[in-house]
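Okay, sequence plus prediction incoming.
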Amino acid sequence: MLNLIRAKDPQAYVASTSRSLAKAARMKDAGYLTVIKDQNGHLKTAEKFDKVLELIGPVTVKETFTHVNEGGIVCVTGLLGNQWTLEHFDPITDIAPGAYLTGGYSGGRSRKEKINELFSYLQRYQVAAKPDRIFALRDLPAAHAYLASGQSMGKVVIDVDA
């Protein structure tokens, strides 16, 4: 994700969150300017942002809006928190003043145009898009262990033909 942002705006201020600050040095080496500790769904910062890509999902959306500037945008695109719907959420009081909530869903009907736009963007801005690690299908247990270790920093791909 960082490469997508930096390709278009190399000077953009991009922060990241992690449940483990053991990854902070790697994240900063990758280009994140700030790494914020996520402690049980609460960010250990008073910092506010204009745009937030929410990968944990509905379980942390309320908390996320406490870190959004007026006019800011929160886009929920992940469900890593294992909660699929917004519970006990009042959009009038829980969305920061003047802020916006949107989401991205890649399932359902085909979105050929959007996929083609993404590939055009990658090509136009010469975005390096490579996975964190690639495992052969026979190494699936090792891939699961790697993900469970908390060391991953990006997508892990399983190559079914390897």
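Good, I have the coordinates.

got a pLDDT number for the closest residue to Val59 other than its chain neighbours?
Closest residue to Val59 apart from its sequence neighbours, by CB to CB, 6 or more residues apart in numbering: Gly81 at 3.4 Å. All C-beta spots, glycine's among them, are computed from the backbone N, C-alpha and C. We note a pLDDT of 88 for Gly81 in this prediction.

Leu118 should be in a helix, yeah?
Yes. Counting by DSSP: H, G, I helix; E, B strand; the rest coil, Leu118 is found in a helix.

which stretches of this structure form helices?
Using DSSP state H, the helices found in the chain span residues 2-8, 24-30, 61-65, 91-94, 112-124, 140-148.

most packed of the ones you listed?
Sort the helices of the chain by mean neighbour count, taking mean count of other CB atoms under 10 Å, and helix 61-65 sits at the top with a mean of 20.

Domain map for the chain?
Per automatic domain parsing, the domain ranges recorded for the chain read 2-127, 130-162.

picking that back up, what count of nearby residues applies to the residue nearest to Val59?
By other CB atoms under 10 Å, 15 other residues sit near Gly81.

The one 3 residues further on now?
For Trp84, the tally of surrounding residues (other CB under 10 Å) stands at 10.

where does this structure have low pLDDT?
106-110 (pLDDT under 70).

rerun at 80
104-111, 129 (pLDDT under 80).

Would you map the strands across it?
15-18, 34-39, 42-43, 49-54, 68-76, 100-103, 133-136, 156-159 (DSSP state E).

quick one, which of the ones you listed is nearest to Pro91?
Nearest to Pro91, of all those, is strand 100-103, at 7.1 Å by CB to CB.

List the strands paired with that closest one, with their directions.
strand 68-76 (parallel) (DSSP bridges).

quick check: angle from the strand it pairs with to strand 49-54?
20 degrees (axes from the mean of the first three to the mean of the last three CA atoms, to 10 degrees).

Okay, buried residues for strand 68-76 please.
Buried residues in strand 68-76, counted by 16 or more other CB atoms under 10 Å: 68-69, 72, 74, 76.

Identify the farthest-apart pair in those.
Those two in these that are separated most widely, counting by CB to CB, are Asn69 and Val76, at 17.6 Å.

and the gap between Glu63 and Lys37?
To Lys37, Glu63 is 13 Å away according to CB to CB, to the nearest Å.

Can you pull the residues that touch both of those two?
Leu43 (CB atoms under 8 Å, 6 or more residues apart in numbering).
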